[in-house]
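Student: Predicted coordinates and the sequence they were generated for:
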Amino acid sequence: GTLDEVQTQTGTGLASDDLIDMFPDIKKQLRSQYEIEDIAKYYFDGQGKAFRPLLTVLMSRAINMHLHNDERIYESQLQIAKIAEMIHTASLVHDDVIDNADTRRGKLSIKSMYGERKAVMAGDYILSVASAMLARIRNEEVIVVLSQVLADLVQGEFMQLGSKENENERFAHYLKKSFKKTASLLAYSCKAVSILSGADDNHQEIAFQFGRNVGITLQLVDDMLDFISSAEIMGKPTALDLKLGLATAPVLFACEKFPELNPMIMRRFSEPGDAKKAFELVHKSDGIEQTQYLAKQHSQEAIRVIQSLKPSSNQKALITLTDKVLNRMK
Ligand code: FPP
Ligand code: MG
Ligand code: MG
């Protein structure tokens, strides 16, 4: 599966024992006597990269090592890894309804297999089961931290619906949106496992900032791949953002060289030929390179932050994983 590939390529085989039971456990939690069970389990087939759980277990072991000289992982930290994957998956099930996307992870999306109504309910169901798992950890602080992620995900999606009038505010708006829709889950999952490790505010902040910077890197690269990769490689539609009216980093950078993009951004590429024209202008500009450069800066910041922890094999794996996020092709 893809999880094995990622673990091998990143030298994170260490984490494979932690995650070996993850998908069977999640599927067990999703059991129900109704059809919703099959729909909800659909993406937990081991074909995803399981990037969020991987990052969460490696962070758990790295922080446990730093604070207790013992890199064993706690059961509660393993639960956070599963919950993070479930929140992420639930949000994608809904995202494909919002974006009208027919493929995901190399197969038909839930939306296209079962229709919009069932997709909305399946996302809600996965989220409700994840909420119960979170409550059972019985740590109020951790519940507060991960609840923030749910609010951020929805706010991030909402921020995406509007375009900023003021050109100077656009990039800040884009970065804030990227934090909410992508980095928040990584940042707060890292923070949650640090809380469970008994970390003080300083170390919680290290965990948070690592997750935040990896998350921003992830979204910048995702927005770049939407312009340069293909649906075959990505297993989901590409060249889609402009058609959805979204101005992501490559277009925002391209604006500096081609100001004629500004009115198109404001009308959210709604006129015939807008999306195609903007796509060409992005490729004629250095928007892709500038996006790559900004992603690299965030990945370097993530690495700098994590290096303040005691050296360990898990810390090294976190650095390799960060590089992988930056240099990935899918
Ligand atoms: C993918 O972005 C979408 C997200 C990262 C977040 C989606 C959040 C919601 C739909 C809010 C609902 C939240 C919950 C918890 C149920 P994308 O469309 O840019 O990426 P893609 O290319 O993978 O589709
Ligand atoms: Mg979307
Ligand atoms: Mg989408």
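Tutor: That came through, no problem. Ligands and ions are numbered 1, 2, ... in the order given.
Student: Regarding stretch 258-275, how distant is the last residue from the first?
Tutor: 14 Å (C-alpha to C-alpha, to the nearest Å).
Student: buried stuff in that stretch?
Tutor: Of all the residues in stretch 258-275, those buried under the rule 16 or more other C-beta atoms under 10 Å are 258, 261, 264, 265, 268, 269, 274, 275. Where C-beta positions appear, they are placed from N, C-alpha and C, glycine not excepted.
Student: In CSV: these, plus secondary structure.
Tutor: Putting the buried residues of stretch 258-275 into CSV (DSSP: H, G, I helix; E, B strand; the rest coil) gives the following:
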residue, secondary structure
258, coil
261, helix
264, helix
265, helix
268, coil
269, coil
274, helix
275, helix
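Student: Residue 189: which element?
Tutor: helix 184-196 (DSSP states H and E).
Student: ok, residues contacting that helix?
Tutor: Under the contact criterion C-beta atoms under 8 Å, 6 or more residues apart in numbering, helix 184-196 has outside partners 52, 55-56, 59-60, 63, 74, 76-77, 80-81, 83-84, 87-88, 137, 139, 141-142, 145-146, 148-149, 152-153, 156, 179, 203-204, 206-212, 214-215, 218.
Student: quick revisit: dump the buried residues of stretch 258-275 to JSON lines, plus pLDDT.
Tutor: Converted to JSON lines, those look like this (pLDDT from 0 to 100):
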{"residue": "258", "pLDDT": "97"}
{"residue": "261", "pLDDT": "96"}
{"residue": "264", "pLDDT": "95"}
{"residue": "265", "pLDDT": "94"}
{"residue": "268", "pLDDT": "93"}
{"residue": "269", "pLDDT": "94"}
{"residue": "274", "pLDDT": "95"}
{"residue": "275", "pLDDT": "93"}
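Student: Just the buried ones out of the contacts of helix 184-196, please.
Tutor: 52, 55-56, 59-60, 63, 74, 76-77, 80-81, 83-84, 87-88, 137, 139, 142, 145-146, 148-149, 152-153, 156, 179, 203-204, 206-212, 214-215, 218.
Student: So which of those belong to helices?
Tutor: Using DSSP state H, 52, 55-56, 59-60, 63, 76-77, 80-81, 83-84, 87-88, 142, 145-146, 148-149, 152-153, 156, 203-204, 206-212, 214-215, 218 are the members of these that sit in helices.
Student: how about the helix holding residue 189, does it reach ligand 1?
Tutor: No - taking C-beta under 6 Å from any ligand atom as the criterion, helix 184-196 and ligand 1 are apart, separated by no less than 7.9 Å.
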